[in-house]
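**Q** have a look at this fold, sequence not included:
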């Protein structure tokens, strides 16, 4: 069964510190992997998207990495800010045999709290 | 440009009833996807529509259905509501519907089933 596992479940860090969130997946074959940020009470917002051939993608203070061989991805947040407090969700798009895009498989997210 | 809008924002129903949720995508976007989000299961994919055709469907029972109209607006329907259907239902739209195209989410409809 295709799955996406995220760790840690929750994380508390001090403002200004860096942190790294992990995503392990068993989806195979896969088309792409996305990281979303979801503030409480709002819909998710896309941070990065990487195809299976990409290793890293940056969006400001957010940097995502992808190792398709080990089926692992990470999201690194640099110089955290209070506004980074949110849930971060890893999502993998299946690829159907024949190359058409399949369903999206979601991780359960990492809840990040940045404290002053 | 207006974002994705969902109506209603909040809804309370009782078991056995049916409900219809509406989603208006960003102008020009032809792909609409629906998701269910609960504290225990996280986000789960319901279905995806592109140009009025259902392209993908998640693992939900037949009580969950949807459709997309010629103006790209979409509706989802849940019949014979169960307590476990209480969730935040999110809609997302994208431009071309390709797998790498960014999805823009609406604020969601919070459904409570009593």
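**A** Sure thing, it's come through. Because the structure is a prediction, the values reported are computed rather than measured.
**Q** mind listing what the nearest residue to residue B:91 once chain neighbours are set aside touches?
**A** Once flanking residues are discounted, residue B:91 sits nearest to residue B:23: 3.5 Å by C-beta to C-beta, 6 or more residues apart in numbering or on different chains. No exception for glycine: its C-beta is placed from N, CA and C like everyone else's. Shown in contact with residue B:23 (C-beta atoms under 8 Å, 6 or more residues apart in numbering or on different chains): B:4-6, B:32, B:34, B:73-76, B:91, B:93, B:106.
**Q** okay, and the beta partners of residue B:78?
**A** residue B:19, residue B:64 (DSSP bridges).
**Q** quick check: residue A:57 is in a helix.
**A** No. Counting by DSSP: H, G, I helix; E, B strand; the rest coil, residue A:57 is located in no helix; its state is strand.
**Q** tell me which parts of chain A are close to chain B?
**A** A:31-32, A:41-46, A:49, A:51, A:89, A:91, A:93, A:101-109 (C-beta under 8 Å from any C-beta of the partner chain).
**Q** show residues contacting stretch A:88-100.
**A** So stretch A:88-100 is contacted by A:2, A:4, A:6, A:21, A:23, A:25, A:27, A:29-38, A:44, A:47, A:73, A:75, A:101-110, A:112, B:42-43, B:99 (C-beta under 8 Å, 6+ apart).
**Q** list only buried entries from those.
**A** A:4, A:6, A:21, A:23, A:25, A:27, A:30-38, A:44, A:47, A:73, A:75, A:101-110, A:112, B:42-43, B:99 (16 or more other C-beta atoms under 10 Å in any protein chain shown).
**Q** of the contacts of residue B:23, closest to chain A?
**A** For the contacts of residue B:23, the closest approach to chain A (C-beta to the nearest C-beta) belongs to residue B:106, at 5.6 Å.
**Q** got the contact list for the closest residue to chain A within chain B?
**A** In chain B, no residue comes nearer to chain A than residue B:105, which is 3.0 Å away by C-beta to the nearest C-beta. Going by C-beta under 8 Å, 6+ apart, residue B:105 touches A:42-45, B:4, B:90-92.
**Q** please repeat the previous calculation with a cut-off of 10 Å.
**A** Taking C-beta atoms under 10 Å, 6 or more residues apart in numbering or on different chains, we find residue B:105 in contact with A:36, A:38, A:42-46, B:3-4, B:6, B:33, B:35, B:43, B:90-93.
**Q** narrow these to just the buried residues.
**A** So, by 16+ other C-beta under 10 Å, the buried ones in the contacts of residue B:105 are A:36, A:38, A:43-44, A:46, B:4, B:6, B:33, B:35, B:43, B:90-93.
**Q** if we can go back for a sec, is the residue nearest to residue B:91 bridged to anything, and to what?
**A** Residue B:23 has these beta-bridge partners by DSSP bridges: residue B:6, residue B:74.
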